[in-house]
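*Asks:* any chance you could fold what I've pasted below:
(6 chains)
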6 protein chains.
Amino acid sequence: MTRSNEPPLSHLDTAGRARMVDVGGKPVTDRRAVAEGRVDVGPEVAAAIRENSLKKGDLLQVARLGGVQAAKRTADLVLLCHPLPLAHIDVEATLEEDCVVLTATVRTAGQTGVEMEALAAVAGAALNVVDMGKSLNPAIEIRSLRVVEKTGGKSGPTRHHA
Amino acid sequence: MTRSNEPPLSHLDTAGRARMVDVGGKPVTDRRAVAEGRVDVGPEVAAAIRENSLKKGDLLQVARLGGVQAAKRTADLVLLCHPLPLAHIDVEATLEEDCVVLTATVRTAGQTGVEMEALAAVAGAALNVVDMGKSLNPAIEIRSLRVVEKTGGKSGPTRHHA
Amino acid sequence: MTRSNEPPLSHLDTAGRARMVDVGGKPVTDRRAVAEGRVDVGPEVAAAIRENSLKKGDLLQVARLGGVQAAKRTADLVLLCHPLPLAHIDVEATLEEDCVVLTATVRTAGQTGVEMEALAAVAGAALNVVDMGKSLNPAIEIRSLRVVEKTGGKSGPTRHHA
Amino acid sequence: MTRSNEPPLSHLDTAGRARMVDVGGKPVTDRRAVAEGRVDVGPEVAAAIRENSLKKGDLLQVARLGGVQAAKRTADLVLLCHPLPLAHIDVEATLEEDCVVLTATVRTAGQTGVEMEALAAVAGAALNVVDMGKSLNPAIEIRSLRVVEKTGGKSGPTRHHA
Amino acid sequence: MTRSNEPPLSHLDTAGRARMVDVGGKPVTDRRAVAEGRVDVGPEVAAAIRENSLKKGDLLQVARLGGVQAAKRTADLVLLCHPLPLAHIDVEATLEEDCVVLTATVRTAGQTGVEMEALAAVAGAALNVVDMGKSLNPAIEIRSLRVVEKTGGKSGPTRHHA
Amino acid sequence: MTRSNEPPLSHLDTAGRARMVDVGGKPVTDRRAVAEGRVDVGPEVAAAIRENSLKKGDLLQVARLGGVQAAKRTADLVLLCHPLPLAHIDVEATLEEDCVVLTATVRTAGQTGVEMEALAAVAGAALNVVDMGKSLNPAIEIRSLRVVEKTGGKSGPTRHHA
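*Replies:* Numbering: from 1, shown residues only, chains lettered A, B, ... in the order given. Modelled structure (predicted):
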C-alpha cells in the first residue's frame, strides 16, 4: 500500500509540520522580556475606573492579577512554547485618557526567552480589562499587544520600536 | 482594636471589591459570540505563510488550534469569568496582505454569555501567530482584538461595529 | 498464577477502592453552598492590612481573587470531585482584630452539591492570606475552614453550627 | 498581493483545517461510555503488585485515581474535544496474570458523548501503571486502549467488539 | 482629561498594587519546607477510617495523593507565587484519635522557597479528607494548617513553634 | 481509642503508601527520552488521512500538537511525577499502512528523567488520532505505547527492545 507516481501530499510530508525549537543545548541564563498593550475602554469606563465605581470592582487591580495568571499559563495557550519556571512576573496597568496601558515584565533563569510569557501576560491583562468594563461598554477594543524588549540569550538585548 | 474617628479606607470597604456576576437565576439558553482579531505579521512572515516555509510549521493551523485551547482556559485567564462547558469553538485564521485575520465563534448552552471565551480564543490564536513568526519578525504586533457579535440571553442579539 | 489458600489482600479487593459518587441520575437543580475560614495573621500583619502597606499589595483583594481561582480548580485538587460549571463564586475577606475572616458562596445549576467548591474557595483564599503576609509573620496559621451551609439537592437545606 | 494563476495551496484553503464538531443544537441527554485498557507489566511487577511491595506504593489504587484525573483533563489533551461537566468517572484496575486490566466508565448529562473522556481515563490510568512499575521493569508496554461501549445521543447504544 | 487639584486615588496609585517578589537575582539552591495540618473528622469517620469502610474508599491514601496534586497547582491557587519545578512532594496522613494529621514536605532546586507549596499540599490533602468523610459527617472542620519548617535560601533554616 | 491486640491494618501502615521519589539530591543534567506508539485506524481512516478528507481536519498535525500538549500535562496525569520544565518536545506522526505510528522525544535539563513525559506525549497523540478518526471508525484501537530510549542520569543510556 505504499504510494508512487503521485506528487507528495503536503500534509503527509514535513512541510508545515509543527515543531518546537529544541533548546536542550542552550545554557541556563538570566532572561527577561517586556511587552506592552493598550486597551481603548472609552470615556464612560475610564471615568468609572477613576471613580472606582465599576460593579465588578477595581479594574486595574484585577487586570494586573489576571495578567500574572496568564503568564503562568503560557505553555497551555501557545502550543509550541516550552513549560518554564518563572522568577518574576510583573504587570502594570495604568489609565491614560480613555486607554488602559499595560506593561508586563517577565524574568526567568532558563534555556529560552520569555517574550511569549510577557506577551501572554499583557494579553491576559487585556482580557480582564474587557471583562471588567464590558457591562458599561460592550465595544471595548484591545488595540495593541507587542513585545518591546528582550534580554539574555545569545543575541544580546533587543528593543523593538513601534 | 476597632477603628473610629477615621475616614473609611477604600481597600477595606466594598468599593472596588472584585465580584463575579451571579448568574445562578438565569435560564440555560443557547448562547453564541463572535470575536475578531488582526495581527500584522509583515511581508516576510506573510510570504513564509504563503510558502508554508516557517521553520516552526504551519502558522495558520497552529493559530487555530491554539485559539481553541485558549477558549477552554478562559476561566483561568479571566479572573471573574464563570467556568462553563462549551458546545462549539471555531477559530478561523486567514492571511490578508501582511495581516493574519482571526475570527472565533463560541457557543454554549449556559446561563451566561460566551463573549469572553470568543475573545480569549482570538487572543490565544494571536499569541500563537506571534510565536510562530517571531524568529523571522520579532516586531509582530497584535493590532486589534474585539467582540463583534453576541446572541442569546435577555438582551437579544447585539452587533458591535468598529 | 491464580491465588488460593490465602486470605484476600485488601489492596487487591474492593475495600478502600477510591470511587466517585455517580450523580448521573440526579436532576439538575440550583445548588448553593457557603464555607467559612479564619486565618490568624497576628497584630503586625493586621496593622499592615489596615494601612495597606504590605509590600506584596492589598491582601484582602488578592485573597478574594485567589479564592475565586481555587474554586475553579476544585476538581483538580479534590480527586473524587466532579468537574462542574459554576454560576457564581463569591469570596469575602474582612479583617476582625488580628484575624482575616473568609466567607465563600458558590452556586451552580448541577447534579451535585458545591460544598467542596466553597471550601476550596476559602482554602485558596487562606493560602493567599498566608502568602501575602508571610514576610512580616512567617508563623501565620490557618485556624479553621469549614462548610457552614448547603442548599439544593434531595436533602434540603442544612446548616452546620460550629 | 492577491494570488492568481496558481494552484490553491492546501495549507491555506480549508482542506485539513482543524474544526471541532458543533454540538450546540443537540439536546442535553444522559450519555455514558466505557473504555478498556491492558498493560503488560511482566511477572516481577505483577508479583510486587500482589505483595503490595512496590516502593512507590499501591499501583492499582494510584492507577485508578490517575485515571480519574486524566478524564477531567480530556479537553486539554484532545484538542478538538469539548470541555464538559462529568457526572461520574469510575476507573477499575485489576491484575490478571502479568497484565493490569483497566476499565473506565464515564457519564455526563451533556450535548455530546464521553467516549474520549473514558479513553483518556484508561490512558491516564495506564500511564500511572507504567510510572509505578518502571523502576522494576522499564519495558512495561501499554498493549491496548479502546472504547468498548457508548450510549446516549442519536445513534443509540453501540458496542465495539475487539 | 488629566487630573489635577485632587488627592491621589488609592486604587490608581501604587499603594496596594499586587506585586510578585522578583527572585531573578537569587541563586538556585536546594530548598525544603514542611507544613502541617489537622482535620477533626469526629468519631464516626475516624472509626470508618480504621475499618476502611468509607464508601468513597481509603481516605488516608486519597488525602495523600490529593495533597501531592495540590502542591503541583500552587501557582494557580496562590496568585503571587512563582511557577516552579519540584524535586519532591511527600504528604503523610495519619489518624490520631478523631483527627487526621497531615504533614507535607516539599523540596526544590530553585530561586525561591517552597513553603507555599508545602502549605498548599496540606490544604489540598485536608480538602480531600473532608470530601471523603462528608457523607458520614458533614460538619468536618479543618482545624489548623501552617508552615512549620523552611530551609535553604539566605535566611537559613527556620522553625516555627505553634 | 488506641488499638491493640489486632493485626495491623494495611491501609493504615506504610505498605502501599503512595510516595514520590525524592530527586532533590540529584544533579541537574541533560536528560532525554523517546517513546513510541501505534494506533490501528483501519483502511477507511487511513485512506482519509492520505486524502486529507477527514471532516475534523488534518489528523497527523492535530495528533502531533495534541501530543505536545499532553507532555506538558504529565504531572497532572501521572500522580507521582515531578513537575518539570521541558527543553524540547517533539512528536512525529506518520501513516504506515493502516496504522498511525507515533514517536515522541522529550528533553530537559533536570534532576529526573523524562520517560513519562515522552510516554504521555505519545498517549496524548494517540487519543487525538482516535478523536479525529472516530466518526469514520468508532473501533480504532491504540495498540502499543512504550518507552524505547532513555539517556542522562546515573544509569547511562538504556534502550528497550520490543
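
*Asks:* okay, CA-based contacts and neighbour counts for the rest of this
*Replies:* Will do.

*Asks:* can you show me the strands along chain A?
*Replies:* A:29-40, A:88-96, A:99-110, A:141-151, A:158-159 (DSSP state E).

*Asks:* is the shortest one anywhere near chain B?
*Replies:* By that I understand strand A:158-159. No. Judged by C-alpha under 8 Å from any C-alpha of the partner chain, strand A:158-159 stays clear of chain B, getting no closer than 9.2 Å.

*Asks:* show the average pLDDT along that strand.
*Replies:* For strand A:158-159, mean pLDDT is 73.

*Asks:* residues contacting it, please?
*Replies:* By C-alpha atoms under 8 Å, 6 or more residues apart in numbering or on different chains, the list of residues contacting strand A:158-159 from outside reads A:148-151.

*Asks:* export the residues you listed as CSV, with columns for distance to A:Val100 and neighbour count.
*Replies:* As requested, the contacts of strand A:158-159 are exported to CSV (distance: C-alpha to C-alpha, whole Å; neighbours: other C-alpha atoms under 10 Å in any protein chain shown):
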residue, distance to A:Val100, neighbour count
A:Val148, 17, 23
A:Glu149, 20, 20
A:Lys150, 23, 25
A:Thr151, 26, 19
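
*Asks:* ok, so of these, who is nearest E:Val114?
*Replies:* Nearest to E:Val114 out of the contacts of strand A:158-159 is A:Thr151 (C-alpha to C-alpha; 27.4 Å).

*Asks:* who's in contact with the closest residue to A:Val100 other than its chain neighbours?
*Replies:* Closest residue to A:Val100 apart from its sequence neighbours, by C-alpha to C-alpha, 6 or more residues apart in numbering or on different chains: A:Val39 at 5.1 Å. Residues in contact with A:Val39, defined by C-alpha under 8 Å, 6+ apart, are A:99-101, A:126, A:129, A:140-144.

*Asks:* repeat that with 7 Å
*Replies:* A:Val39 sits next to A:99-101, A:126, A:141-143 when contact means C-alpha atoms under 7 Å, 6 or more residues apart in numbering or on different chains.

*Asks:* ranking those residues by neighbours, who comes first?
*Replies:* Neighbour counts for those, by other C-alpha atoms under 10 Å in any protein chain shown, peak at A:Ala126, which reaches 33 neighbours.

*Asks:* and the gap between that residue and B:Asn128?
*Replies:* Per C-alpha to C-alpha, to the nearest Å, A:Ala126 is found 17 Å from B:Asn128.

*Asks:* kindly report the same for A:Arg146.
*Replies:* 13 Å.

*Asks:* how big is the angle separating the longest helix seen in chain A from strand B:141-151?
*Replies:* Looking across chain A with DSSP state H, the single longest helix is helix A:115-133. Angle, helix A:115-133 to strand B:141-151, by axes from the mean of the first three to the mean of the last three C-alpha atoms, to 10 degrees: 40 degrees.

*Asks:* now helix A:115-133, how far from the centre of its chain.
*Replies:* Relative to the centre of its chain, helix A:115-133 is centred 6 Å away, using C-alpha atoms, centre = their mean, to the nearest Å.

*Asks:* counting by contacts, list what that helix packs against.
*Replies:* Here helix A:115-133 touches strand A:29-40, helix A:59-72, strand A:99-110, strand A:141-151, helix B:115-133, going by 3 or more C-alpha pairs under 7 Å, 6 or more residues apart in numbering or on different chains; DSSP states H and E.

*Asks:* what about the shortest one and chain E, touching?
*Replies:* No. When contact is scored as C-alpha under 7 Å from any C-alpha of the partner chain, no part of strand A:141-151 falls within range of chain E; the minimum is 13.0 Å.

*Asks:* quick one: average pLDDT of that strand?
*Replies:* Strand A:141-151 comes out with an average pLDDT of 97.

*Asks:* turn the strands of chain A into CSV, including distance to E:Lys56.
*Replies:* Compiled in CSV, these are given as follows (distance: least, C-alpha to C-alpha, whole Å):
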stretch, distance to E:Lys56
strand A:29-40, 47
strand A:88-96, 40
strand A:99-110, 42
strand A:141-151, 48
strand A:158-159, 56
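
*Asks:* and these, which one is worst for confidence?
*Replies:* Confidence, taken as mean pLDDT, is least for strand A:158-159 of these (a mean of 73).

*Asks:* circling back to that earlier point, what is the nearest of the contacts of strand A:158-159 to chain B?
*Replies:* Comparing those against chain B with C-alpha to the nearest C-alpha places A:Val148 closest, at 7.8 Å.

*Asks:* touching, that closest one and A:Val34? I think so.
*Replies:* Yes. Using C-alpha atoms under 7 Å, A:Val148 makes contact with A:Val34 at a distance of 5.6 Å.

*Asks:* related to what we said a few turns ago, tabulate the contacts of strand A:158-159 (CSV), appending distance to B:Leu86.
*Replies:* Compiled in CSV, the contacts of strand A:158-159 are given as follows (distance: C-alpha to C-alpha, whole Å):
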residue, distance to B:Leu86
A:Val148, 35
A:Glu149, 37
A:Lys150, 37
A:Thr151, 39
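
*Asks:* could you give the number of residues near the residue lying closest to A:Val130 once chain neighbours are set aside?
*Replies:* Spatial nearest neighbour of A:Val130, excluding adjacent residues (C-alpha to C-alpha, 6+ apart): A:Ile140 at 6.1 Å. If you count neighbours by other C-alpha under 10 Å, A:Ile140 ends up with 23.

*Asks:* list the contacts for A:Ile140?
*Replies:* Contacts of A:Ile140 by C-alpha under 7 Å, 6+ apart are A:40-41, A:130, A:134, B:146.

*Asks:* with A:Leu59 instead?
*Replies:* A:49, A:129, A:132.

*Asks:* just among these, which is most surrounded?
*Replies:* Counting by other C-alpha under 10 Å, top hit in these: A:Val129 with 31 neighbours.

*Asks:* so how far is B:Leu79 from that residue?
*Replies:* Look at A:Val129 and B:Leu79: by C-alpha to C-alpha, they are 10 Å apart.

*Asks:* end to end, how far does stretch A:88-104 reach?
*Replies:* By C-alpha to C-alpha, the extent of stretch A:88-104 from end to end equals 10 Å.

*Asks:* what sits up against it?
*Replies:* A:34-43, A:46, A:60, A:63-64, A:67-68, A:105-108, A:118, A:121-122, E:1-2, E:19-24.

*Asks:* out of the residues you listed, which are buried?
*Replies:* Among these, those classed as buried by 16 or more other C-alpha atoms under 10 Å in any protein chain shown are A:34-42, A:46, A:60, A:63-64, A:67-68, A:105-108, A:118, A:121-122, E:19-24.
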